[in-house]
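**Student:** Sequence and predicted structure, then a few things I'm wondering about:
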Amino acid sequence: MALAVRQQMVVDQNHAIHLQSSELKPGSRVEVIVLVENEARQAKEKPVSFLEGTQKLSIDAPPDFSATFEKNLYGHSS
């Protein structure tokens, strides 16, 4: 199984990052994948409370759905 090392870091003025981990053994062959955080994406992914999220929901249901949901669900009334 592959070892994964995940660290968040900032690119320096030389356009470089420095990764150091005691889990990395000298002489080991590694593959490095760099994922750049998109600032617009970070702002969009701001945590939202449950109530804020539900305010944005749009439910397509008849006005009497709470009284007739079993009929609509099972095709008969209880």
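**Tutor:** Great, that's in hand.

**Student:** quick one: the helix of greatest length in the chain to chain centroid distance?
**Tutor:** The helix spanning the most residues in the chain, taking DSSP state H as the definition, is helix 65-74. On the basis of CA atoms, centre = their mean, to the nearest Å, helix 65-74 is displaced by 34 Å from the centre of the chain it belongs to.

**Student:** From residue 64, how far off is residue 53?
**Tutor:** Note on residue 53: its distance to residue 64, by CB to CB, to the nearest Å, is 26 Å. C-beta coordinates here come from the backbone N, C-alpha and C atoms, glycine included.

**Student:** Residue 31 now?
**Tutor:** When CB to CB is the yardstick, residue 31 and residue 64 sit 59 Å from each other.

**Student:** Between the two, which is the more surrounded one?
**Tutor:** When residue 31 is set against residue 64 and neighbours are counted by other CB atoms under 10 Å, the residue ahead is residue 64, at 10 against 5.

**Student:** For the chain, give me the ranges with low pLDDT.
**Tutor:** Screening the chain residue by residue with the criterion pLDDT under 70, one finds the ranges 40-45, 76-78.

**Student:** Apply 90 and report the result again.
**Tutor:** For the chain, residues meeting the criterion pLDDT under 90 lie at 1-11, 19-21, 23-24, 32, 34-49, 52-78.

**Student:** Now do the helices in it.
**Tutor:** Assigned helices in the chain, in chain order: 39-44, 50-55, 65-74 (criterion: DSSP H).

**Student:** can you give me how far the second one is from the chain middle?
**Tutor:** What that stands for is helix 50-55. The chain centre lies 17 Å from the centre of helix 50-55; the measure is CA atoms, centre = their mean.
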